[in-house]
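[1] Provided below are the primary sequence and the corresponding predicted coordinates.
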Amino acid sequence: MSFPTHRPRRLRRNEAIRGLVRETRPSAAGLVYPLFVCPGMGVRVEVASMPGVYQQSPDKIVEDCRELESLGIPAIILFGIPEEKDARGTEAYAAHGVVQRTIEAIRRAHLKILVITDVCLCEYTDHGHCGLVKDGVIENDATIELLAEQALSHARAGADIVAPSDMMDGRVAAIRKKLDAAGFSDVAILSYAAKYSSAFYGPFREAAHSAPQFGDRLSHQMDPANVREALKEITLDLEEGADIVMVKPALAYLDVIRAARERFDVPIAAYNVSGEYAMVKAAARNGWIDEKRIVLEIFTAIARAGAGIVLTYHAKDLARWLKAG
Ligand code: PBG
């Protein structure tokens, strides 16, 4: 009964008909562009392993935000490279830290772009770990107090959304409580809920100077082998008050994105991380792949898996290509 009655190729005859039946329609409306802010003025230094990605001083970040707005990109996520690092990551929650000053500069420039901030201590500690370390162990409960202080300092500076990426237990509840007590009940929490311990973060650690000086992140980030555990992490973060939950990395974890999409009725974000970007860039530079087609295909696949929000270093290119149709 099948062929010749059924001919699926009928719906692939030309672009108009393919467009009509297309199931996933990627749009710039869900893009978030990551930015690395460093101290100084007029600084713009390219990250060697991430061509097209820069460490920039606050004034340059403001310029970049103007360009992002004109491209129709609705949001950025800010990562800080502080002047000084210490064991407690003091600059992470300092009122005049590099991220806090950058948010204020974006606000002063009256830009409409949504400002999301990464909340984690690893860029600010001299040992490169995501929390306080005692006898070689990352202390959960003392760390979440500092993370809540960091989130509050971002909210005070004008952040719209805070995004804890540390994977400590209970940090979403600690942040929500601290924000609400200080009158920031409208600041949303995007939780890196299912964040895996991944080799795909390698180039980011160069960009953010956040590689651990000893040990690894296996005691808090998730085991790549687990998906049920991801659903448990997401459940807990939603119970604690997360508004949006994220799966990270994206490409090797499309099944996790899909499982989360089917289980939870909240916005799902995915982080197309530094290593995924670096691989595409390296292959494209060698002429081994068609960068535009690959990047559009990757973005479509992440959306098809179920993520409505995608954090990606390809955001500017994607916005241009999607506009051009
Ligand atoms: C931690 C953080 C990391 C990334 C985002 N937030 C690094 C890590 O956990 O080691 C990785 C992002 C990327 O690889 O693009 N602050």
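    Yes, it's here.
[2] hey, where'd the helices end up in the stretch 51-200 of the chain?
    58-70, 98-108, 140-157, 171-181 (DSSP state H, counting those that start in this stretch).
[3] which residue packs closest to residue 295, ignoring adjacent ones?
    In space, and not counting its chain neighbours, residue 295 is closest to residue 314: 4.8 Å by C-beta to C-beta, 6 or more residues apart in numbering. Backbone N, C-alpha and C define where each C-beta goes, glycine included.
[4] quick check, the one you found in contact with residue 278.
    No. Residue 314 lies out of contact with residue 278 (C-beta atoms under 8 Å); the separation is 11.5 Å.
[5] touching both of those two, which residues are there?
    Between them, residue 314 and residue 278 share no contacting residue under C-beta atoms under 8 Å, 6 or more residues apart in numbering.
[6] on that earlier part again, how far away is the residue nearest to residue 295 from the ligand?
    Distance, residue 314 to the ligand, using C-beta to the nearest ligand atom, to the nearest Å: 12 Å.
[7] need the contact list for that residue.
    Contact partners of residue 314, counting by C-beta under 8 Å, 6+ apart, are 272, 277, 280, 295, 298, 299.
[8] so which of those residues comes closest to the ligand?
    Of all the contacts of residue 314, the ligand sits closest to residue 277, with 7.1 Å by C-beta to the nearest ligand atom.
[9] let's verify the closest one: helix, strand, or coil?
    Secondary structure, DSSP: H, G, I helix; E, B strand; the rest coil: residue 277 is helix.
[10] got the contact list for it?
    Residue 277 makes contacts with 50, 53, 203, 312, 313, 314, as judged by C-beta under 8 Å, 6+ apart.
[11] and the helices of the stretch 51-200 of the chain as TSV, adding mean pLDDT and mean neighbour count?
    Below are those laid out as TSV (pLDDT from 0 to 100; neighbours: other C-beta atoms under 10 Å):
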stretch	mean pLDDT	mean neighbour count
helix 58-70	98	17
helix 98-108	98	21
helix 140-157	98	22
helix 171-181	98	21
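[12] ok, which of the ones you listed comes nearest residue 290?
    helix 58-70 (24.8 Å; C-beta to C-beta).
[13] name the residues that touch the closest one?
    So helix 58-70 is contacted by 33, 35, 37, 41-44, 54, 56, 76, 78, 98, 101-102, 105-106, 109, 111-113, 315-316 (C-beta under 8 Å, 6+ apart).
[14] that one vs helix 98-108, what angle?
    Angle between the axes of helix 58-70 and helix 98-108 is 50 degrees (criterion: axes from the mean of the first three to the mean of the last three C-alpha atoms, to 10 degrees).
[15] how far is helix 58-70 from where the chain is centred?
    With C-alpha atoms, centre = their mean, to the nearest Å as the basis, helix 58-70 stands 18 Å off its chain's centre.
[16] wait, what's in contact with the closest residue to the ligand within the stretch 1-150 of the chain?
    The nearest approach of the stretch 1-150 of the chain to the ligand comes at residue 120, 3.5 Å away (C-beta to the nearest ligand atom). For residue 120, the contact set (C-beta under 8 Å, 6+ apart) comprises 92, 130, 147, 164, 165, 166.
[17] among those, which are located in strands?
    In this view, these that belong to strands under DSSP state E are residue 164.
[18] need the contacts of residue 120 in a markdown table (columns: distance to the ligand).
    Listed next are those as a markdown table, based on distance: C-beta to the nearest ligand atom, whole Å:
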| residue | distance to the ligand |
| --- | --- |
| 92 | 10 |
| 130 | 7 |
| 147 | 11 |
| 164 | 9 |
| 165 | 4 |
| 166 | 7 |
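[19] now, which of the contacts of residue 120 sits nearest residue 211?
    For the contacts of residue 120, the minimum distance to residue 211 (C-beta to C-beta) is 11.9 Å, reached by residue 130.
[20] number of residues surrounding the closest one?
    By other C-beta atoms under 10 Å, 26 other residues sit near residue 130.
[21] looks like it contacts residue 166 (just checking).
    Yes. Here residue 130 reaches residue 166: they are 4.3 Å apart, a contact under C-beta under 8 Å.
[22] anything in contact with each of those two?
    When C-beta under 8 Å, 6+ apart defines a contact, the residues bordering residue 130 and residue 166 alike are 120, 121, 122, 143, 220.
[23] in a markdown table: those, plus distance to residue 261.
    Below are these laid out as a markdown table (distance: C-beta to C-beta, whole Å):
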| residue | distance to residue 261 |
| --- | --- |
| 120 | 25 |
| 121 | 30 |
| 122 | 28 |
| 143 | 30 |
| 220 | 25 |
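[24] so which bits of the protein are right by the ligand?
    The chain comes close to the ligand at residues 118, 120, 122, 165, 201, 204, 205, 217, 273, 274, as judged by C-beta under 6 Å from any ligand atom.
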